[in-house]
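[1] give me a model of this one.
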Amino acid sequence: MKDYLKIAWRNLWRNSRRTLITAASILFGVFFAVAMSSLQLGTLENMIDNMVRFYSGYVQIQEKDFLDTHSVNNSFSVDDHLKTLIASDENIIQSTQRIETFALAGSESNSFPSMILGIIPEKEEAISGLSKWLGEGEFISSGSKDILVGKVLADNLGVSVSDSLVLIGQGYHGISATGIYRVAGLLDFPLPDLSKQVIYMDLANCQEFMGLQGKITSLVLMVHSPEEVTAAMERLKPALNPDLSIYSWDEIQPELKNLIEGKVASGKIVKGLLFMVIGFGVWATIIMLMHERRRELGVMIAIGTQKFRILILILIESFFIGLIGVISGVAASFPLVWYFYRNPIYVTGKMEETYRTMGFEPVLKFSMAPDIFFSPAVTVFVIFALISLYQFYYVLKLKTVEALRA
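    Coordinates of the predicted model:
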């Protein structure tokens with residue numbers, strides 16, 4: 001076997017042009033496959049991060065019936081043990097408490113149903129960057145009695161900054177929840193459906209409004225990446241009160257999960273087409289090179305070299321070429337992926353408007369996850385290996401006399 005390896009390696013560089021052409025076809029295939037995989041995964045991760053930061057967080061702890069009822073009666077208090085557990089978990093990078101409820105918002109001229117979100121302003125800002133959507137007025141702070149109103153809702157109610165807004169709802173255990181609040185600022189969200197119904201207020205202010213002293217409806221947790229969600233949930237679940245449940249972002253936002261699954265499916269189709277193009281390119285290269293070696297193979301058979309020995313040499317040569325091409329492709333793609341990972345592409349024009357309308361940051365991000373290098377490299381190598389089987393067929397069908405005349 002050692003002799004086979006030596007001869008195969010020498011054969012590669014005896015005709016270096018042929019070797020480099022084949023390896024280059026694999027290199028470019030891996031290069032483009034890695035770049036596409038990085039962009040697709042980075043875009044999906046950014047999409048998920050945008051949505052979970054904006055609303056659900058990666059993980060939420062709720063009273064077990066709240067997800068179905070969205071009633072403030074299904075609220076809970078956060079005990080010291082749970083706070084300590086969350087603070088000591090190295091994968092949980094941020095957490096905040098919220099109240100989600102509904103009320104009728106009214107002004108002198110009109111009234112509309114609204115979604116009330118009680119937040120801790122400083123923590124909410126750290127997670128979602130809520131203030132970036134502030135179109136007019138000022139952001140609220142902890143202890144504030146003022147509110148933030150969606151721009152479309154404010155226009156429908158005919159109110160602006162510093163005007164008063166009446167909120168009427170049903171509080172804890174059916175008590176009447178009413179209050180008059182000053183509008184501190186208007187939030188101009190890219191999603192009209194959100195902008196026409198949302199009202200933010202300080203958590204303590206919301207607890208007072210709904211009669212929820214010391215209680216919340218959800219505890220929002222942020223981890224570094226979606227891959228850490230399951231592990232974080234498994235660590236926290238045993239410590240939870242039996243009346244509480246823990247949910248991942250895709251359980252709270254199934255519509256986002258469906259959107260992501262659709263994006264993943266379309267991404268697989270695009271990558272499949274790319275791999276087909278790569279396969280045909282490698283196939284054409286292999287055919288060309290085998291015709292070029294026709295006389296060489298004919299001479300080897302004519303002097304008595306058994307075909308199975310030629311097949312072993314071709315197999316080893318193909319392995320070397322495939323390995324050179326794959327490693328070179330990964331090495332060539334790494335600087336590009338790393339650069340765009342550190343310097344995302346910010347889109348402009350109509351595409352920017354589309355991104356913002358959908359509530360996403362108008363940026364194309366790349367990923368540096370190990371799988372974006374490993375998976376395309378293995379796939380292209382397997383494609384090359386399968387196509388290389390044509391060389392076996394070519395050798396087995398080769399007629400010595402015809403080959404010598406080539």
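[2] domains of this structure?
    Here the domain parsing of the chain from automatic domain parsing is 2-51+257-404, 65-242.
[3] centre of the chain versus the longest one, how much separation?
    Meaning domain 2-51+257-404. Relative to its chain's centre, domain 2-51+257-404 lies at 24 Å (CA atoms, centre = their mean, to the nearest Å).
[4] for the last one, same thing?
    Taking CA atoms, centre = their mean, the mean C-alpha location of domain 65-242 is offset from the chain mean by 25 Å.
[5] figure out the length between the terminal residues of it.
    End-to-end span of domain 65-242 (CA to CA, to the nearest Å): 12 Å.
[6] and the lengthiest helix in the chain, what does it pack against?
    Counting by DSSP state H, the longest helix found in the chain is helix 254-292. Packing partners of helix 254-292 (3 or more CB pairs under 8 Å, 6 or more residues apart in numbering; DSSP states H and E): helix 16-51, helix 249-252, helix 371-397. Where you see a C-beta, it was placed from the backbone N, CA and C, and this is true even at glycine.
[7] tell me the buried residues in stretch 115-122?
    The neighbour-count check on stretch 115-122 (16 or more other CB atoms under 10 Å) flags Met115, Ile116, Leu117, Gly118, Ile119, Ile120, Pro121 as buried.
[8] nearest to Ser176, out of the residues you listed: which one, please.
    Taking CB to CB as the measure, Ser176 lies nearest Ile116 of the buried residues of stretch 115-122, at 14.9 Å.
[9] tell me the pLDDT at the residue nearest the centre of the chain?
    The chain has Glu45 as the residue nearest its centroid, 1.8 Å off, counting by CA atoms, centre = their mean. pLDDT recorded at Glu45 is 84.
[10] check contacts around it.
    Residues near Glu45 by CB atoms under 8 Å, 6 or more residues apart in numbering: Ser225, Pro226, Lys365, Ser367.
[11] how does it look with 7 Å?
    Contacts for Glu45 (CB atoms under 7 Å, 6 or more residues apart in numbering) come out as Ser225, Pro226, Ser367.
[12] filter those to the buried ones?
    Among the contacts of Glu45, those classed as buried by neighbour count (16+ other CB under 10 Å) are Pro226, Ser367.
[13] which one of the contacts of Glu45 is nearest Tyr181?
    Of all the contacts of Glu45, Pro226 has the smallest distance to Tyr181: 36.5 Å, by CB to CB.
[14] confidence score at the closest residue in space to that closest one that isn't next to it in sequence?
    Leaving aside its sequence neighbours, Pro226 sits nearest to Ile48 (CB to CB, 6 or more residues apart in numbering; 5.7 Å). With respect to pLDDT, Ile48 scores 81.
[15] returning to what we had before: the residue nearest to the centre of the chain and Ser56, how far apart?
    Going from Glu45 to Ser56 by CB to CB, to the nearest Å gives 16 Å.
[16] same thing with Pro192?
    20 Å.
[17] likewise for Gly279?
    Distance from Gly279 to Ser56, by CB to CB: 41 Å.
[18] how about Tyr181, secondary structure?
    The three-state label given to Tyr181 by DSSP: H, G, I helix; E, B strand; the rest coil is strand.
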